[in-house]
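J.: can you look at this prediction? I've put the sequence above it.
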Amino acid sequence: MNATESHHKPEIVPARSSWLVWIIPLIALFIGAYLITKEFSNRGPVITITFQEGSGLEADKTKLISKGVVVGVVESIQLSENLKNVVVKARLQKSMGSLAKTETRMWIVRPVFDASGFHGMDTIMNGPYIEVEPGQGKSQRIFEGLNQRPRNSQESHAYILHTDRRITAQPGVPVIFRGIEVGNVDTVQLSEDSTEVLVGITIEEPYFRLIRKGTKFWDSGGVDMKVNLMGARIKTGSLESILTGAVEFATPPSAASTPVAHSGSHFRLHQKVDEKWLEWEASIELPLDPIQTDNRTLEETLSSNASLLESDS
């Protein structure tokens, strides 16, 4: 080997470790782990809600809302094992986990028109949502959803009405006494032997005191037309009863002194009203708060007006 060959002999140098190449992957891994940890730490409890039907509900889209604030979202929707109900699994926000209490009530909000006006109009564009009404009690994860928006009352009585055929009223429509809404229809279904239609109603406090053994109920929805040789006679109820249907009742004066019908009592629901029922004027006292008019009760105002009329005469 000569001097020239030894001068050009390559020199082997160990490769340097380029640690800069790993900085970006490590940063990305750290950020990903942080986001995953944050996501799981912010997740609230999963609750199960059973409804009779779930039309319009969508997984990962339908929201749970309480007092106008989003408190959760629906994660899955499926039929129950017996195929009779819809089972909804929803996740509450972590800060809203306290909503999962035994007395909390939930129902699906959809656009509806009843005697008190239009409700749920915002769902026309955004779809239905599940309203959550906070309640007290122990922690709970399984709930029975309500069929409709609940009425605000501390006490109510439920009754069952029997009729031979389907009525015009649907669940949620009002029960009316002398033009005043005092309750609502809860359910409409066939009897077990399929020979009758059973209508479940709720009468609120204090109006259930109007229900006595002789009380008569009738379907006041739709239009009643009678045609004979003398012409046609058309009878209609209120605008609300025409559009949505309604159930009305009257109590005879002879029943005013009888006991109040206990919750769960059964009555016949008549297809048409008997004219004499409209003439009944049973005197039944109700524990109502006095109406105030300029810091005076209605009775004081009427008494004052009566005195003025006497002095004028």
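T.: Looks like it came in fine.

J.: only C-alpha atoms for contact and neighbour calcs from this point on.
T.: Will do.

J.: quick one: residue 102 and residue 139, what's the gap?
T.: Spatial separation of residue 102 from residue 139 under the definition C-alpha to C-alpha, to the nearest Å is 6 Å.

J.: ah, wrong one, I meant residue 167
T.: Between residue 167 and residue 139 the computed distance is 40 Å (C-alpha to C-alpha).

J.: higher neighbour count, those two?
T.: Neighbours were tallied for residue 167 and for residue 139 using other C-alpha atoms under 10 Å; the higher tally belongs to residue 167 (22 against 14).

J.: tell me the secondary structure for the residue nearest to the spatial centre of the chain?
T.: Within the chain, one residue has its C-alpha closest to the average C-alpha position: by C-alpha atoms, centre = their mean, that is residue 149, at 2.0 Å. Under DSSP: H, G, I helix; E, B strand; the rest coil, the three-state class of residue 149 is coil.

J.: separation between it and residue 248?
T.: Taking C-alpha to C-alpha, one finds residue 149 at 21 Å from residue 248.

J.: which parts of this protein are helices?
T.: Residue ranges of the helices in the chain, as given by DSSP state H, are 3-7, 23-41, 123-126, 239-244, 298-312.

J.: I figured the residue nearest to the centre of the chain hits residue 107, correct?
T.: Yes - using C-alpha atoms under 8 Å, residue 149 is in contact with residue 107, at 6.3 Å.

J.: how deep is the closest residue to residue 168 other than its chain neighbours tucked in, by neighbour count?
T.: On the basis of C-alpha to C-alpha, 6 or more residues apart in numbering, the spatially nearest residue to residue 168 that is not a chain neighbour turns out to be residue 245, at 5.3 Å. Residue 245 is flanked by 25 other residues according to other C-alpha under 10 Å.

J.: neighbours around residue 29, how many?
T.: For residue 29, the neighbour count with other C-alpha under 10 Å is 12.

J.: on that earlier part again, roughly how far apart are the residue nearest to residue 168 and residue 202?
T.: When C-alpha to C-alpha is the yardstick, residue 245 and residue 202 sit 16 Å from each other.

J.: go on, residue 107?
T.: Plainly put, residue 107 is 17 Å away from residue 202 if you go by C-alpha to C-alpha.

J.: next: residue 263.
T.: Counting by C-alpha to C-alpha, the separation of residue 263 from residue 202 is 9 Å.
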